[in-house]
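Q: the following comprises the amino acid sequence and a computationally predicted model.
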Amino acid sequence: MKDKQPYKLQLIGNYEWDEVVSSLQKMIRRGQEYEAAYWTYILHQSGFGQYLFRRLSIIACEDVGNAKAIAAVIIACLQANWLILHKHNKQPTLDKFLLPLQAVLFLCRARKTRENDSLANLIEENFKANKRLEIDPVSLDSHTAQGRKKYGRFGNLKDGKEKLRLDHWFKINAFIKNLAYEDKWEKELKKIWYGKAKNQSKTNKDEQLSLSNNPAQ
């Protein structure tokens, strides 16, 4: 009995699957619109529209990334619209082809960076080489078990540490770098939270004073 041959994906024009997929991405990277559109046509008209959009979603992150962050959103929207059309007509019509074509033209024209892919591979290589990060102490606030051991629990007005927790939170844990604009609500919120801490601190002192003046018999 002859060995069973592996299943081969059939494309119009008798192209090789791996070569077409590779050509699509390379042409997008180089901004060669006609060539990228051509390979998009081959994949789509061969009945691989869903795969095509999955590939374009990866390209939007791998080759465009934050140089044009809206790319991922646009690809997702075009994919969603394509799926609506595909639900009513499974044939690879030219009307449906317009959607991945728009996606590919957008990706060809977008400014690009491959930093996502480089960083993803760098992290994986470092992790495999046992180059692991330790938890930064700034992360150990009262939202974590270790932080609660040191600072107590947020909102606990009985332990006398609420002001310490709030100071640590606003100065360290809630610190934001590259702030877009000032938080106009923070001042009022601080007034409420610190007010509660101050009032409870006074209540605790009054209770302690009362106990000292009236020791148990």
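A: Structure received. Residues are numbered from 1 along each chain as shown.

Q: pLDDT value on Asn213, please?
A: Asn213 is assigned a pLDDT of 56 by the prediction.

Q: mind listing the strands for this structure?
A: Shown for the chain, no strands are assigned by DSSP state E.

Q: from the rest of the structure, what touches stretch 179-196?
A: Contact partners of stretch 179-196, identified using Cβ atoms under 8 Å, 6 or more residues apart in numbering, comprise 157, 162-163, 166, 170. Any C-beta I mention is one placed from the backbone N, CA and C, and that applies to glycine too.

Q: out of those residues, which one sits closest to Leu107?
A: Within these, the smallest distance to Leu107 is 42.6 Å, found for Phe170 (Cβ to Cβ).

Q: distance check, the closest one against Gln200.
A: 18 Å (Cβ to Cβ, to the nearest Å).

Q: and Glu19, how many neighbours?
A: 11 (other Cβ atoms under 10 Å).

Q: now swap in the one 10 residues further on and tell me
A: Neighbour count of Arg29, defined by other Cβ under 10 Å: 17.

Q: can you check Glu162 too?
A: Applying the criterion other Cβ under 10 Å, we find 23 residues in the vicinity of Glu162.

Q: the one 3 residues further on now?
A: The criterion is other Cβ under 10 Å. On that basis, Arg165 has 24 neighbouring residues.

Q: cool, and the one 5 residues further on?
A: Here the count is done by other Cβ under 10 Å, and Phe170 has 15 residues near it.

Q: could I get the pLDDT score of Thr203?
A: According to the predicted model, the pLDDT of Thr203 comes to 65.

Q: ugh, wrong one, Glu207
A: If you check Glu207, the pLDDT there is 56.

Q: now do Trp39
A: At Trp39, the pLDDT value in this model is 98.

Q: now do the contacts for the closest residue to it other than its chain neighbours.
A: Using Cβ to Cβ, 6 or more residues apart in numbering and skipping the chain neighbours, the partner closest in space to Trp39 is Leu24 (4.1 Å). Taking Cβ under 8 Å, 6+ apart as the criterion, Leu24 is in contact with 36, 39-40, 43, 55, 104.

Q: list the ones among the contacts of stretch 179-196 that fall in helices.
A: Those of the contacts of stretch 179-196 mapping onto helices are 162-163, 166, per DSSP state H.

Q: need those residues in JSON lines with pLDDT and distance to Lys112, can you?
A: Written out in JSON lines, the entries for the ones in helices among the contacts of stretch 179-196 read as follows (pLDDT from 0 to 100; distance: Cβ to Cβ, whole Å):
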{"residue": "Glu162", "pLDDT": "93", "distance to Lys112": "50"}
{"residue": "Lys163", "pLDDT": "93", "distance to Lys112": "50"}
{"residue": "Leu166", "pLDDT": "95", "distance to Lys112": "45"}
